[in-house]
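Asks: Requesting a structural model of the entry that follows:
(chains A and B)
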2 protein chains.
Amino acid sequence: MLTLLQRSLSLLSFTPLLPLTIAMTLLSTTSHANDTPLTAKQSDPQALGWMQGFPPPNDKLIAQPSSDFFSFPKLRWTVCHIRELMPTTEVSRGIGAPSKLNYELDKNIDAITFTPTGSNRSMTWQESLDANYTDGIMILHHGKVVYERQNGCLNELGQHAAMSMTKSMTGLLAEILVTEGKLDDDALVASIIPELADSGFGDATVRQVMDMTTALDYSEDYADPNADIWKYSEAASPLPKPKDYDGPNGYFEYLQTVKKKGEHGNAFNYQTINSDTLGWIIARTTGKAVNNLLSERIWQKIGAEQSAYMTVDAKGTPFAGGGISAGLHDMARIGSLMLNKGEINGERLFPAAVVEHIEAGGDKAAFAKANYKQLKNGSYKSMWWSYDNPTPVYSARGVHGQRIYIDPAADMVIVRFASHPDASNSKNDPTTIPAFKAVANYLIKK
Amino acid sequence: MLTLLQRSLSLLSFTPLLPLTIAMTLLSTTSHANDTPLTAKQSDPQALGWMQGFPPPNDKLIAQPSSDFFSFPKLRWTVCHIRELMPTTEVSRGIGAPSKLNYELDKNIDAITFTPTGSNRSMTWQESLDANYTDGIMILHHGKVVYERQNGCLNELGQHAAMSMTKSMTGLLAEILVTEGKLDDDALVASIIPELADSGFGDATVRQVMDMTTALDYSEDYADPNADIWKYSEAASPLPKPKDYDGPNGYFEYLQTVKKKGEHGNAFNYQTINSDTLGWIIARTTGKAVNNLLSERIWQKIGAEQSAYMTVDAKGTPFAGGGISAGLHDMARIGSLMLNKGEINGERLFPAAVVEHIEAGGDKAAFAKANYKQLKNGSYKSMWWSYDNPTPVYSARGVHGQRIYIDPAADMVIVRFASHPDASNSKNDPTTIPAFKAVANYLIKK
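Replies: A predicted model of the protein is given here:
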């Protein structure tokens, strides 16, 4: 009886839970500022042969425990295969028939031109796809799909990491609960999650968490081996903890250790831990984990073709700050749902005010303090980003190029999955923001 | 802007849960032989409160690295949550509409009585459900669902571990390839998988692998810490290997280390490694991993409601010997497909001969040598079990009570997911085999 247990433990003691390893991973994903990475075509995961063959040859293997599977160009395979590398939980689509997507493809879109931010030369929409390492993209106009491409690791049966677009799903759920009167966004976090009373979140309001204007003593300086992000990573990992580990286990335990720094409500601070706290608030308020509430309120109601899924910590808690993988078509359905202010396939899923709150945007002055050069005059509300635009435009954004982009004036949605070599969206915004605007302008005039 | 997911990715690894059958057999067959386990009602996972709360209290947590998550009564939760504990790969249902299941429920079935094997007292069908720790069961007759129950951890949005019923899916795929002339079952394994030339599988025929009449030097004696099953388990685990580990990594590398013992073709030896070799043969023959071929040939074609999934080793290889989890309704569709000899929803998926080969059963003399007391006069063909019955009856069987049971003469299919405290089906066959026969007799006379 004990043999298996003993063997497990002996294996566990060798597991590479070293922050150094992680730092190397991060450096490898961020090290392309000063050199020229492979192009989209050169780094195509099919062409590079990752994980092909039975078994794949060692030099084509993307696997645990190698810590570089999220480094470029491997990440171009990994973004479609998260569940094969770690435990996940389902966001069930239910068991009914998917809704039909109506297509009215517009062949002129590829030739639309725009000038990338900071550039003198124009680029076509088609060129922007590879410039942004696009894995999948759809444009919807007047409720119809006018453009679609699936490339790289993605196809219509696959799912792609949504990265921080997950936050926008978490924020949407919270905004629904607030609008429906089930969650008071003026309430202090401690009144809902007593375990957080002594943490930096305790005297923040739910709204401050939703809009990430909390003031927390939390460092995401990856170059600093003592940065809080490493402790968060260790706590959140589903990996068995080292024998001598006595820190927090899981998102919820970690959040209790976060301290306050400054005053809440003054400045936008983009910190994933807010999304995980919001996930906890949602779960405690509804009695349902974020993946299950997301299934019940959204995924089962939009006519989704595929279930989505979320990564989990070692206690099964879904990662509300970044864990979703989903199909491209279903992300387009989410975009439609937002554009149509809570209505889809003739059914109203939540009050229009939910979307109106998000569309109105957040505190611009607070946002300006974070100094996002590509997003001047923007804001952040309920974990959605508002752009500087003559009419309101808002977006879910995830690293490496993920987007749900909603332009109500153009009656347009763009959803994009990508695997850009650089994690930071500041690297792809120059070939994204003006491209999206150009398509919107084209469609408005059409 | 780098999200936590990215950092978590590099931290992950998993306890050696694979193959599931191993851990489970070890932990549960040995522990309940001499005491009385909790009843089905007493061990109901909802009632016991496993994994409830945000976070679940420590005494209600079922998680890695504890290796007892497949011990009774925890296994009653775990069988529906495999993906939350380890990496998995999808068996996609595609993105179309599911087929309709036609219901014509028969309220008399619960009162059907039978006498359990070796007992003097009769039992009702309804009583048999709890006696067998049934999580989900469906009876189909003349193409209609006449009976359905989902209990314990299972509901219509969930998936349940199929355990060794996975082997029957692998066997079905192989039989399809053989019947279609794409795979020669007389061919020696070495001619298809050169890497196995020097192993015990090298001079076995594909058919001997399919029917598990290989003669291999392989011990599944769980009490022996040097048994081959432990080396298999270590090799197959998606957990990073210990630093000093120099053994095989993954199913395919392990299989190359298995030696021959005796002569192939004489005796039935139920060894999971045959199924993994068959999975390799299938992948090499078709260029598709078992999960993908299963999706293409079966799951996308039967009108499945849900995608299924399979556990994987550290190289992403799906566990062809036991890794599937699926929804109950979809298992019923598989049963219908078999009963109707390859036709479902008006479409023929493969030649009727595929099922006719399986239905005809395997070598009874070879099977008799394995001395299965509950399955006298039975046989094993293409990883399906044939029962002793006046007319042909065959079944997929998985430990802890999993069944797809097909009785063509009664035009009946029974599918069952269960979480019996004892892994060995010999413990539930006494309250299963006569129960299924009694229902068949009732339906024939109806």
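
Asks: Run through the residues of the stretch 51-200 of chain A sitting next to chain B.
Replies: With CB under 8 Å from any CB of the partner chain as the criterion, the stretch 51-200 of chain A meets chain B at residues A:51, A:54-56, A:61-65, A:67-70, A:78, A:81-90, A:92, A:94-98, A:156-157, A:159, A:161, A:163-164. Just so you know, the C-beta spots here come from the backbone N, C-alpha and C atoms, and that holds for glycine as well.

Asks: Mark which of the residues you listed are buried, thanks.
Replies: Burial by neighbour count, judged by 16 or more other CB atoms under 10 Å in any protein chain shown, picks out A:51, A:54-56, A:61-65, A:67-70, A:78, A:81-90, A:92, A:94-95, A:98, A:157, A:159, A:161, A:163-164 from those.

Asks: Could I get the full set of helices for the stretch 251-400 of chain A?
Replies: Taking DSSP state H, counting those that start in this stretch as the criterion, the stretch 251-400 of chain A contains helices spanning A:251-255, A:272-286, A:290-294, A:328-339, A:352-359, A:364-368.

Asks: from the buried ones among the residues of the stretch 51-200 of chain A next to chain B, which ones fall inside helices?
Replies: Among these, the members falling in helices are residue A:78 (criterion: DSSP state H).

Asks: Please read off the pLDDT at the residue positioned nearest the centre of chain A from the model.
Replies: Ranked by distance to the mean C-alpha position of chain A (CA atoms, centre = their mean), the top residue is residue A:164 at 2.1 Å. We note a pLDDT of 97 for residue A:164 in this prediction.

Asks: give the contact list for it.
Replies: Residues touching residue A:164, when contacts are defined by CB atoms under 8 Å, 6 or more residues apart in numbering or on different chains, comprise A:272, A:321-322, A:396-399, A:402, B:1, B:3.

Asks: ok, and the closest non-adjacent residue to it?
Replies: In space, residue A:164 comes closest to residue A:398 once its chain neighbours are excluded; the distance is 4.1 Å by CB to CB, 6 or more residues apart in numbering or on different chains.

Asks: Next: residue A:93.
Replies: Using CB to CB, 6+ apart, the closest residue to residue A:93 is residue A:304 (3.9 Å).

Asks: and the one you found, what does it touch?
Replies: For residue A:304, the contacting residues are A:93-94, A:98, A:327, A:330, A:333, taking CB under 8 Å, 6+ apart as the criterion.

Asks: Among those residues, give me the pair with the biggest separation.
Replies: A:94 and A:327 (14.5 Å; CB to CB).

Asks: okay, now the nearest residue to residue A:259 once chain neighbours are set aside: neighbour count?
Replies: By the measure of CB to CB, 6+ apart, the closest residue to residue A:259 outside its immediate chain neighbours is residue A:217, 4.3 Å from it. Neighbour count of residue A:217, defined by other CB atoms under 10 Å in any protein chain shown: 11.

Asks: So in chain A, where's the weakest helix or strand by average pLDDT?
Replies: Here the helix or strand of chain A ranked lowest by mean pLDDT, DSSP states H and E is helix A:2-12, holding a mean of 31.
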